[in-house]
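> Need coordinates for the following:
(2 chains)
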Amino acid sequence: MASLKTLLARPWIWSFVGALLVWLATIAFTGGYGAGGMVTAALSLAVFTVIVGVGQMFVITLGPGNVDLSLPANIGLASAVAMKVMGGSDSMIVIGLLAALACGAAIGAINYLLIWALRIPPIIATLSASFIIQSVDISYGRGLQIKPPPGFADFTNWQVLGIPVLAILTVLFTVGAAIALQRMIYGRSVLAIGQNIRAAWLAGVNVGRIRFLTYTLSGALGGLDGALLAGYFRGANVDIGNEYLLASIAVVVIGGTSVAGGKANVPGVWGAALFLVLLLTMLNTFGVSAGVRLLLTGLIIVGVITAAGGEKAVR
Amino acid sequence: MAAGNTNVIRPSGAEKRSGAANGDIVRLDGAEKHFGAVRALAGVDFHVVSGECVGLVGHNGAGKSTLMHMVAGTLTPDSGAIRVHGGIEESYSVSRARQLGIRCVFQELSLCPNLSVAENTRINHASLSGFGWRRKAAELIAAKLDEIFPDHGISAWDIVGDLSIGRRQMVEVARAFTVTQDRLDLVILDEPTSSLDAHTSGQLLAFVRRFVAGGKSCILISHVLGEVLRNADRIVVMRDGKMVASDAAGAFDRDRLVTVMGGAEARQKVAAAAAAKPEARPLRVRARPAGQTDGKELVACAGEIIGLAGLAGHGQTDLLLRIFDAAARAKAGIEVTAPVALVAGDRQSDGIFPQWSIAENIGIRSLARLRNGLLISPQREAELAAFWQKKIGIRTPDMNNNIFSLSGGNQQKALFARALGSDAQIVLMDDPMRGVDIGTKLEVYDLVREEAAKGRTFLWYTTETEELDNCDHIHVFKNGRIVANLTRDELTEEKIIQSSFGDAA
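Reported below is the predicted structural model:
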């Protein structure tokens, strides 16, 4: 009983509860048909939101005003870079992935450079960076061979016993991220900066380096996501990352990370990502039109954030 | 505020109110308050009559602030009754208290940092409306600041966040005394001088006496016992949530007060305590303030305690921060040869991580040493916290509790533990004893001297002259420059005030 209570006190539990409820509602509607397949599909799609969500989570945890709005453009460019470097050849997969990571990391580093050197608020800096990235992507991606190598496409769709391998790897990655957040100097420093940047500086935290690392990490994860998306959907394009602007922020917030910074958790990102994907599946299953679907998605996100944000302030 | 030489107006005995003869402004009977398992107040009877200044003293956590929150209407007692102006109050609240002429200046400053001084004044005065409300508010607050703190140097258009903590406190105090529509009978001053230097403290206390002489009332909470003894008509002592003494101020002296408060015994000055130290110790800090034109500079060697004195906000904190910065990357005019840690005085904005436990707040400065491989070891973090809990006496059942479960003085102890528990050989202290009770202070002084004897260097900015007795050398600051350099033997309050106001550039 006591363990149930501590479980319920965790902010991330509600995102999993939400995902479960949506899933049950859907299979109740279909009469149990496709229950397993739905979970597999949800896992496959949630992976992409989780990867960028974790990066966004670290950025948002840096404190008020910190957010990475360049992720969609970043994903678009990195997908093109990865596909071009791979050039349809299986032997180039690893190099292509590294190129995508490097491209994303460079974008993240440039984001922080704008924030630090020009003292632009992160929201403006990453948004304006995303316009530049998009323009580069459009001129770079035109007329290129943009299909993934067959081996890479198979890998991103590979399943073992109905569980996508990519999802398993992502779970391992998120376990690592959770450890970094709670048990490593880097994570502690991010949490300290998010609570009180001046106190963090005066407590000896290297504020500049940690913020630089965080934006670079977010960029790198965006780059990796771009490459994986291109593999999964069998082709890169400029718009491939568009839905991850709202999604990356929504999973962070629904997952129980504080928008005000200084408080974060990784499991919630998974729960929220599954919730969002299953929500879309449910609305599709119900046969709701696209307009109503968007409307309902927005309303539900607002509702969840309101309910999850009901916890009392510390003092 | 050490010696009793300030310009305080004391009414003669004949003018003094005799207590119960006058109408009560506020009276609490059997007030009790619990926070979870903690009993903050255990049946307190407390009253204030018009025309008196009540001094309220007691250790941190004795229940002073809780009691005052009740008088001000921000907390409701679990049981007990409140009467204001004789009438019993059933649903007492902050707005009701304001209507009835009771106001409070709390320890944690309550100004909005993003607004100007005038706009902050408007928050408390709804009647300042219509065109030109900013101008009206500005005139109101400026007049009150002029009255209480002549030569305050604060403009009503200054943004509060840009002011030093001392000036914020001056604005906060002055705002509480401004009057528009509502009546004003009683002002509660919770540690009003904690961020003020000796000069402005004197101005404030003199004003309090004038205010009380005009038939109004004040409650003065202060850990500087001399202040209370010299300015209160009646002194109430609290301990462990109970009122243990209430008597005319003349019936107390410093020793009796300390005894009644319990805990630390009254002690003599420690001046002679430090024996002659060996010479030729390694240099730790050499720093020249940015605006220094002559050759004066601050030099600190291993094992020394260096005091930074002078009026509040005259460049002491700036120099400490520049030294702190210079430890991370080279800076012109400053030489630092060992790791540095800082103990913040402005806890809320410079020290505390509000989401974290006490243990995490202590460990943040020492993360690299708490690692086991790549990961921070929770066990080592707990050990560090437990060691300092014992050493510095942090009063809590569990170091994993949130930092805000501690009283203000204990939060400050946690910040000391953060700095002293680190590898820093140089500890910068930015007036860290604000709002800390005398027992804690004495413990920390001992600890500082003990650590200095082990070779640590302390740079200690303080607004309380008594604390400078602990220092080997004292630098007096004025307008961002060092104007005098005293050894401990030369130190007197007069000398510091003289240097602070002297026209020596």
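> For chain B, what's its nearest residue on the stretch 1-150 of chain A.
Relative to chain B, the nearest point of the stretch 1-150 of chain A is A:Thr61 (10.6 Å; C-beta to the nearest C-beta). For the C-beta atoms, the positions are set from N, CA and C on the backbone; glycine is no exception.
> Now that residue, what are its backbone angles?
Dihedral pair for A:Thr61: phi -70, psi -20, per degrees, to the nearest 10.
> now it: how far from B:Leu415?
Distance of A:Thr61 to B:Leu415, computed by C-beta to C-beta, to the nearest Å: 23 Å.
> can you count the residues close to A:Ala199?
Here the number of neighbours of A:Ala199 (other C-beta atoms under 10 Å in any protein chain shown) works out to 25.
> ok, now which ones touch it?
A:Ala199 is in contact with A:192, B:344, B:349-353, counting by C-beta atoms under 8 Å, 6 or more residues apart in numbering or on different chains.
> mind checking how far whichever strand or helix holds it is from the chain centre?
A:Ala199 is part of helix A:197-202, with elements assigned from DSSP states H and E. Distance of helix A:197-202 from its chain centroid, counting by C-alpha atoms, centre = their mean, to the nearest Å, is 28 Å.
> C-terminal to that helix, what's the next element?
As assigned by DSSP H and E, the chain's next helix or strand after helix A:197-202 is helix A:207-232.
> That next one packs against which elements?
Judged by 3 or more C-beta pairs under 8 Å, 6 or more residues apart in numbering or on different chains; DSSP states H and E, helix A:207-232 is in contact with helix A:35-61, helix A:71-86, helix A:93-117, helix A:150-157, helix A:185-195, helix A:197-202.
> hey, which of those is tucked in deepest?
Compared across the helices and strands packed on helix A:207-232, helix A:71-86 shows the largest average neighbour count, a mean of 29 (mean count of other C-beta atoms under 10 Å in any protein chain shown).
> how far out from the middle of the chain is it?
Distance, centroid of helix A:71-86 to centroid of chain: 16 Å (C-alpha atoms, centre = their mean).
> Which strands or helices does it pack on?
helix A:35-61, helix A:93-117, helix A:122-141, helix A:207-232, helix A:244-254.
> Return the list of helices and strands in contact with the first one.
I take that to be helix A:35-61. Against helix A:35-61 (3+ C-beta pairs under 8 Å, 6+ apart) you get helix A:13-30, helix A:71-86, strand A:163-164, helix A:165-183, helix A:185-195, helix A:207-232, helix A:244-254, helix A:267-285.
> In JSON lines: those, plus mean pLDDT.
Output for the helices and strands packed on helix A:35-61, formatted as JSON lines (pLDDT from 0 to 100):
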{"stretch": "helix A:13-30", "mean pLDDT": "86"}
{"stretch": "helix A:71-86", "mean pLDDT": "90"}
{"stretch": "strand A:163-164", "mean pLDDT": "88"}
{"stretch": "helix A:165-183", "mean pLDDT": "92"}
{"stretch": "helix A:185-195", "mean pLDDT": "93"}
{"stretch": "helix A:207-232", "mean pLDDT": "93"}
{"stretch": "helix A:244-254", "mean pLDDT": "88"}
{"stretch": "helix A:267-285", "mean pLDDT": "89"}
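> wait, which of these is closest to B:Thr178?
Of all these, helix A:185-195 sits nearest to B:Thr178, with 34.2 Å by C-beta to C-beta.
> List of residues touching the closest one?
Against helix A:185-195 from outside (C-beta under 8 Å, 6+ apart): A:58, A:61-63, A:66, A:180-182, A:199-200, A:203, A:205-207, A:210-211, A:213-214, A:258, A:260-264, B:353-356, B:360, B:364, B:367-368, B:371, B:376.
> Quick one: buried ones out of the residues you listed?
A:58, A:61-63, A:66, A:180-182, A:199-200, A:203, A:205, A:207, A:210-211, A:213-214, A:258, A:261-264, B:353-356, B:360, B:364, B:367, B:371, B:376 (16 or more other C-beta atoms under 10 Å in any protein chain shown).
> how about the residues of chain A near chain B?
Neighbours of chain B within chain A, by C-beta under 8 Å from any C-beta of the partner chain: A:179, A:183-185, A:188-189, A:191-192, A:195-196, A:198-200, A:202-206, A:262-263, A:314-315.
> returning to that earlier point: in ChimeraX, select just the buried ones from the contacts of A:Ala199.
Of the contacts of A:Ala199, the buried ones can be selected in ChimeraX as follows, counting by 16+ other C-beta under 10 Å:
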select /A:192 /B:344,350,351,352,353
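> and which of the contacts of A:Ala199 is nearest B:Val285?
Of those, the one sitting nearest to B:Val285 (C-beta to C-beta) turns out to be B:Ala344, at 18.5 Å.
> picking that back up, out of the helices and strands packed on helix A:207-232, which gets the lowest mean score?
Mean pLDDT values for the helices and strands packed on helix A:207-232 show the minimum at helix A:150-157, a mean of 87.
> And for that one, what's in contact with it?
Contacts to helix A:150-157, defined as C-beta under 8 Å, 6+ apart, come from residues A:44, A:86, A:90, A:93, A:96, A:148, A:164-166, A:228, A:231-232, A:234.
> give me that answer again for 7 Å
A:86, A:90, A:93, A:166, A:228, A:231-232, A:234 (C-beta atoms under 7 Å, 6 or more residues apart in numbering or on different chains).
> Also stretch A:202-209?
With contact meaning C-beta under 7 Å, 6+ apart, stretch A:202-209 is reached by A:116, A:189, A:192-193, A:197, A:200-201, B:324, B:341-342, B:344, B:350, B:364-365, B:418.
> Give me the secondary structure label for B:Ala312.
Classification of B:Ala312 using DSSP: H, G, I helix; E, B strand; the rest coil returns coil.
> Burial check on it, number of neighbours?
Neighbourhood size, B:Ala312 [other C-beta under 10 Å]: 24.
> dump the residue contacts of it.
Residues near B:Ala312 by C-beta under 7 Å, 6+ apart: B:164, B:166, B:195-197, B:463.
> ok, so of those, who is nearest chain A?
B:Ser164 (14.5 Å).
> Identify the residue spatially nearest to that closest one, adjacent ones excluded.
Of all residues not flanking B:Ser164 in the chain, B:Gly313 sits nearest, at 4.0 Å (C-beta to C-beta, 6 or more residues apart in numbering or on different chains).
> burial of that neighbour, as a residue count?
Around B:Gly313 there are 21 residues (other C-beta under 10 Å).
> Strands of the stretch 151-300 of chain B, residue ranges please.
Secondary structure of the stretch 151-300 of chain B (DSSP state E, counting those that start in this stretch): strands at B:186-190, B:217-221, B:234-239, B:242-248, B:283-287, B:298-301.
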